[in-house]
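S.K.: next comes the sequence, and after it the predicted model I'd like to discuss.
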Amino acid sequence: MRVLLAEDDARLGKLTKYMMEQNGIQVEWVKRGDEIVEYANYDDYDVLVLDWMMPGESGVDACKRLRENGYEKAILILTARDDVTDRVTGLDAGADDYLVKPFEFAELLARLRALGRRSSQKIQQDVVKVGDFTLNRTAKVLKKKDQVIQLSPREFQIFDLLAQNLGIVVPREIILDRIWGLESEVSSNNIDSYVKLIRKKLDLGDGKTMIHTIRGVGYKLEAE
């Protein structure tokens, strides 16, 4: 997951960024509100986490401006304002969620996961090309040119998830959540074993691989 964090409080911003990164989230941190729209339009984030009161432009005003320009990704507002009318103002500006300071980091992370899932639930193509491979989601078939690659249902789900996020690091936690559910007893070692089997079946030769391990985080699929 990739997050744009807009927070002008240096201590809170540094701590929030650290906690997100420790949980496999890639974070870009800006300290001025007038940077939000520029960064959001320039790069591809799964969730924007915007402090309400920011120098230059408030997080709520930036949120409203983004929505008016057709921005569709998830937005969460952070604020010390806990009045109902303030919450309504934030949501009416286009925010998907609202978290009052001070907050527990566990709750922030849970809300980010929920927003990330919602953000990724976009219309998907039935047939996707990844290098020499063709993934047919309807038929649950992966082919390399005209040759069918025999994947188990779990292997297909993992490859499909990585293909949906081509070129983006997918944390092990997200793989576990999307394929098995967070309450499952499946471990990171199980996921690693599945990925190893998928690599073997793809067999690019010359020691090459499409699925790259990002140490301590997860995996990234790249076309050949």
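M.R.: Done, it's in. Only a predicted model underlies this, so the values are computations on that prediction, with no experimental measurement involved.

S.K.: how is the protein divided into domains?
M.R.: The record's domain parsing of the chain by automatic domain parsing lists 2-120, 127-221.

S.K.: so which of the ones you listed is the most packed in?
M.R.: domain 2-120 (a mean of 17; mean count of other C-beta atoms under 10 Å). Yep, even glycine has a C-beta here, placed from its N, CA and C like the rest.

S.K.: okay, the domains of the chain in TSV with mean pLDDT next?
M.R.: Below are the domains of the chain laid out as TSV (pLDDT from 0 to 100):
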stretch	mean pLDDT
domain 2-120	88
domain 127-221	87
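
S.K.: centroid-nearest residue for the protein?
M.R.: Met1 (2.5 Å; C-alpha atoms, centre = their mean).

S.K.: gap between that one and Ala40?
M.R.: Met1 sits 15 Å away from Ala40, going by C-beta to C-beta, to the nearest Å.

S.K.: what's the answer for Met53, then?
M.R.: Using C-beta to C-beta, Met53 is found at 18 Å from Ala40.

S.K.: the protein: helices as residue ranges?
M.R.: Ranges of helices within the chain are 10-22, 36-42, 59-68, 84-92, 105-120, 153-164, 172-179, 188-202, based on DSSP state H.

S.K.: how far away from the center of its chain is the fourth one?
M.R.: The gap between the average C-alpha position of helix 84-92 and the chain average comes to 26 Å, counting by C-alpha atoms, centre = their mean, to the nearest Å.

S.K.: repeat for the shortest one
M.R.: Chain-centre distance of helix 36-42: 17 Å, with C-alpha atoms, centre = their mean.

S.K.: could you do the longest one as well?
M.R.: Taking C-alpha atoms, centre = their mean, one finds helix 105-120 lying 9 Å from the centre of the chain it belongs to.

S.K.: how much space is there between Asp126 and Lys31?
M.R.: 43 Å.

S.K.: and stretch 70-90, end to end?
M.R.: Taking C-alpha to C-alpha, to the nearest Å as the measure, stretch 70-90 stretches 17 Å from start to finish.

S.K.: name the residues that touch that stretch?
M.R.: With C-beta atoms under 8 Å, 6 or more residues apart in numbering as the test, stretch 70-90 has contacts from 7, 40-41, 45-53, 59-60, 63, 66, 93-101, 103, 111-112, 115-116, 118-119.

S.K.: wait, what's in contact with the residue lying farthest from the centre of the chain?
M.R.: Relative to the centre of the chain, the most outlying C-alpha is that of Asp146, 32.4 Å out, by C-alpha atoms, centre = their mean. By C-beta under 8 Å, 6+ apart, no residues touch Asp146.

S.K.: ditto for Ile174
M.R.: The contact partners of Ile174, by C-beta under 8 Å, 6+ apart, come to 1, 24, 113, 116, 161, 218.

S.K.: again, only using 7 Å
M.R.: Contacts of Ile174 were listed using C-beta atoms under 7 Å, 6 or more residues apart in numbering, and they are Met1.
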